[in-house]
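Asks: My questions are about this predicted structure, shown below with the sequence.
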Amino acid sequence: FTKPCQHGDMCPSDRDVGDVNALLQHRWPRRVRQRRRRRPRFHRQRRFHPHYYGRYYGARTTSTTTVAGLCGDEFPDMIITGVIDGPLPEGEPKAMELYVVRDIPDLTIWGLELASNGANSTGSPSFTFPSGTAAAGDFIYVATETTNFNAFFGFDPNFTNIVLNVNGNDALLLYESNVAVDFFGQAGQDGTGQPWAYTDSWGYRRSVVPSGSGFEVADWTFPGINALDGETSNANATTPFPLQTFACPGPSTT
């Protein structure tokens, strides 16, 4: 019994054909052609670079470039981002803005110290944060009182304490577990006449990697003393305190 030649088979008559054109025009089984048609484009072009592999299969790729918005190890878990000596009666609001770099499960190990009028640091905080937690990306405000702070900024501070009783020439230190980890101004130096003086004004941290382990004027913006004179609210000020504008610059590449 001889199986009849069916459509799509390579029949004996075809094998004996001497004309090359007959082979080229032969209709091969469709399933092979369809299978090739279903192949992803990058397989056909042999794109096996991780970028393409990740694009099609969701694989994670590692980049060697700096990712903006991430704070490197140069920053402690919380940093001072701004200090203000305000224009309202009694120089209010007197306040500090802090930024939480990484989650803080226990705020009680954190504290602040005021080094007033050129005084040296005592080496320990005079204010310790009460029990609580803070999440990365939070801004925290500490002020001497609530009424004038709210009148100027439109919201209440998170904490109040006389540790923020600044006069525009005072340094402040931030502590973690009784170790000073961040600084505003130079302890042991009266800020009057210095580049970091902020009487009736403010100082705000630039979104840059710290220049050193201590206080560096180059890492901060100071609009000059009396920049807030005559102002009644931050929203309408000519040179407003730049609330919550600090952003992590990305880890250092050096």
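Replies: Cool, the structure landed. Worth saying up front: this structure is predicted, and the values here are computed from it rather than measured.
Asks: lowest confidence element among the helices and strands of this structure?
Replies: Lowest mean confidence among the helices and strands of the chain (mean pLDDT, DSSP states H and E): helix 50-57, at a mean of 29.
Asks: so what's Thr122 up against?
Replies: Glu113 (CB atoms under 8 Å, 6 or more residues apart in numbering). For every residue, glycine as well, the C-beta is placed using N, CA and C.
Asks: typed the wrong thing, it's Pro125
Replies: Counted by CB under 8 Å, 6+ apart, Pro125 has contacts 111-113, 163, 173, 175, 178.
Asks: Check which helix or strand it maps to.
Replies: Following DSSP states H and E, there is no helix or strand that holds Pro125.
Asks: Over to it: give its phi and psi.
Replies: The phi/psi pair for Pro125 (degrees, to the nearest 10) reads phi -80, psi 150.
Asks: Please tell me how far Ala135 sits from Thr81.
Replies: Distance of Ala135 to Thr81, given as CB to CB, to the nearest Å: 16 Å.
Asks: Looking at the two, which is more packed in?
Replies: Comparing Ala135 with Thr81 by other CB atoms under 10 Å, the one with more neighbours is Thr81, at 25 against 10.
Asks: Whichever strand or helix holds that one pairs with which strands?
Replies: Using DSSP H and E, Thr81 sits within strand 78-88. Applying DSSP bridges to the sheet, strand 78-88 is found paired with strand 92-100 (antiparallel), strand 202-205 (antiparallel).
Asks: Include distance to Gln244, mean pLDDT and mean neighbour count when you put those into JSON lines, please.
Replies: Listed next are those as JSON lines, based on distance: least, CB to CB, whole Å; pLDDT from 0 to 100; neighbours: other CB atoms under 10 Å:
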{"stretch": "strand 92-100", "distance to Gln244": "7", "mean pLDDT": "99", "mean neighbour count": "23"}
{"stretch": "strand 202-205", "distance to Gln244": "10", "mean pLDDT": "99", "mean neighbour count": "23"}
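Asks: Great, nothing more from me.
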